[in-house]
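Engineer: Fold the following, please.
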Amino acid sequence: MTKTVFKSATTLAAGLLIATTAAACSGRSESGAAIDVVVSFYPLQFVAERVGGDDVSVTNLTPAGAEPHDMELEPRQMADITDADLVVYLGGFQPEFDAAIDQQAGNRSLDIAAVTEPIEADEHDEHDHEADDHEGHDHGGVDPHVWLDPTRMVEIVSAVADRFAEVDPEHADTYRANATTLTEELTTLDGEYEEGLAQCDSRDLVVSHAAFGYLAARYDLHQIAVSGLTPEADPGSDAIATVSEYVREHGVTTVFYETLVDPQVAETIADETGADTAVLDPIEGLAEGDDGDYLSVMRSNLSTLRPALGCE
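Structural biologist: Numbering: from 1, shown residues only. As a prediction, this is how the structure comes out:
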């Protein structure tokens, strides 16, 4: 019996060695995909999965339902970064991830912050927010929420496709074809926003967190944020009072709060002014069990914005 077990174990080990060698020779990763890609949060997961298709295995370092700003790296995530063929991330958005990626995957990474021209938060935000360096999550005044402008997502899609093609030339045509299809979908989405927000009674976008600067810039809206770029920062009573006064003076009908963040601030302003509240999703991540995607959530946001702003 012992000899039989030993022989079976030896055979199994040999089989595993052959399979591993064959996979290495065929250029495919341990996942069975051509390349293993790690992304730092959901919008990049969406792009990587759509551009990569079946030839890419995508691991998201930020789990569903988690607030990306609050993430801290665990050993398993560090191993994912170390083992990845490519890491796609947004520099400055999750500083702890930045340091790990720089150390472990510097030449195997794509920082999408370098792909498109950033905007400063104060270009579209009514207030200064000294609390934005809360717990070290300072974005340096640059709004990181680039994905909320579909035209900038197109730039990201193109950069991801090019990098996938560089890492895996064998499937370059597939990556670029997938990118073309996704670009067409994003262009359609942009057109829906332009048409849907063209004629509105109000262009004031009152939000609890200054996450919508790119969306406001693209579609000629005016973002008034209670707190700055960091959603967990305490805006303080003065900021709440200032925004409440703005809501009353300008006849704003809706104060927006977002998924993954406590709605208390928005509800306080609504109670003081008689305004309604509604959810506007910054799409930093999907809720656990959510079967939607970036495109469907963006369209849901548009459906929320139109009645709130009195759009025709």
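Engineer: what ranges do the strands span in the stretch 101-250 of the chain?
Structural biologist: 109-111, 119-120, 142-143, 204-209, 222-227 (DSSP state E, counting those that start in this stretch).
Engineer: Would you tell me which one of those strands is buried the most?
Structural biologist: strand 204-209 (a mean of 25; mean count of other C-beta atoms under 10 Å). Every C-beta, even on glycine, is put in place using the N, C-alpha and C of the backbone.
Engineer: Would you pull up how far it lies from the middle of the chain?
Structural biologist: 19 Å (C-alpha atoms, centre = their mean, to the nearest Å).
Engineer: What segments of the stretch 51-200 of the chain are helices?
Structural biologist: With DSSP state H, counting those that start in this stretch as the criterion, the stretch 51-200 of the chain has helices at 75-83, 95-105, 150-167, 172-196.
Engineer: Lowest average confidence across those helices, which one?
Structural biologist: Lowest mean pLDDT within the helices of the stretch 51-200 of the chain: helix 95-105, a mean of 91.
Engineer: And the residue nearest the centre of the protein?
Structural biologist: Among the residues of the chain, the one closest to the centroid is residue 43, at 3.4 Å (C-alpha atoms, centre = their mean).
Engineer: so residue 73 makes contact with residue 95?
Structural biologist: No: counting by C-beta atoms under 8 Å, residue 73 stays clear of residue 95, with 10.8 Å between them.
Engineer: Now stretch 257-276: average pLDDT?
Structural biologist: Mean pLDDT, stretch 257-276: 89.
Engineer: Report how far apart the opening and closing residues of that stretch are.
Structural biologist: Chord length of stretch 257-276, first to last residue, is 11 Å (C-alpha to C-alpha, to the nearest Å).
Engineer: Let me see the domain layout of the chain.
Structural biologist: 32-120+133-190, 198-309 (automatic domain parsing).
Engineer: Run through this protein and note the low-pLDDT ranges.
Structural biologist: 1-31, 121-140, 229-234, 260 (pLDDT under 70).
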